[in-house]
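**Q** Provided below for reference: sequence and predicted model.
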Amino acid sequence: MSSWFDPKDYDGDEMHQCPIKPFDFHHCYAVVVSGDGINLGGHVLLHTGSGWYFHVAGRKHRPRFLREEGYMNYLRKSGKHEIRRWMIQIPNPAGAHAKLEELLTKQWRWLVLPNNCVAFVEEVVKAGGSSAGMYFNCPAAEPFA
């Protein structure tokens, strides 16, 4: 099994222009996948209704995106598996869209618990008016509610 920080793993691509629209947030999910290496708590990605996955992967990387084929490739190459999906209601799709566009342009400073994959998804959905999130930042062990 490969390490979560191994640059040879496929973890998606950087997005330089965001093709998704606010409408794409009408069907939104937090997708929980297994962790690897030292990460036993799992990993979470944001999935929008148009088939885009977004997440942060790495200590000082910009957020990544994947389409469905890329997501399957990511799971296969990293030895991960999907655990569950949590549907998230986004009352303000324009707010979530604006926050995602903002975050995609910035380098994400991953700090294990306070600024991790969960925090990334929480920032986007909270900007969209949702209160969904995780209390302990352990995707494999708690709901994204």
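**A** Now that the structure is in, tell me what you want to look at.

**Q** just the helices in this structure please.
**A** Listed in chain order, the helices of the chain (DSSP state H) span 68-78, 93-104, 117-127.

**Q** hey, which of those helices is tucked in deepest?
**A** Neighbour counts (mean count of other CB atoms under 10 Å) averaged over each of the helices of the chain peak at helix 117-127, with a mean of 23. C-beta here means a position set from N, CA and C on the backbone, and glycine is covered the same way.

**Q** what mean pLDDT does that helix get?
**A** Mean pLDDT, helix 117-127: 96.

**Q** show me what that helix is packed up against.
**A** Where contact means 3 or more CB pairs under 8 Å, 6 or more residues apart in numbering; DSSP states H and E, helix 117-127 is packed against strand 28-33, strand 43-48, strand 53-55, helix 93-104.

**Q** and these as CSV, adding mean pLDDT?
**A** What follows is the helices and strands packed on helix 117-127, written out as CSV (pLDDT from 0 to 100):
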stretch, mean pLDDT
strand 28-33, 97
strand 43-48, 96
strand 53-55, 96
helix 93-104, 95
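
**Q** out of these, flag the one nearest Leu66.
**A** Each of the helices and strands packed on helix 117-127 has some distance to Leu66 by CB to CB; the shortest is strand 53-55, at 4.3 Å.

**Q** parallel or antiparallel, list what pairs with the helix or strand of the chain with the lowest mean pLDDT.
**A** Using mean pLDDT, DSSP states H and E, strand 60-61 stands out as the lowest-scoring helix or strand of the chain, at a mean of 82. Neighbouring strands of strand 60-61 in its sheet, by DSSP bridges, are strand 108-109 (antiparallel).

**Q** how far is the strand it pairs with from where the chain is centred?
**A** For strand 108-109, the distance from its own C-alpha centre to the chain's C-alpha centre is 13 Å (CA atoms, centre = their mean, to the nearest Å).

**Q** state the mean pLDDT of it.
**A** pLDDT averaged over strand 108-109 gives 84.

**Q** pull the contacting residues for Phe54.
**A** By CB atoms under 8 Å, 6 or more residues apart in numbering, the contact list for Phe54 reads 45-48, 63-66, 100, 104, 120, 124.

**Q** run through the bridge partners of it.
**A** In beta-bridge terms (that is, DSSP bridges), Phe54 pairs with Leu46, Phe65.
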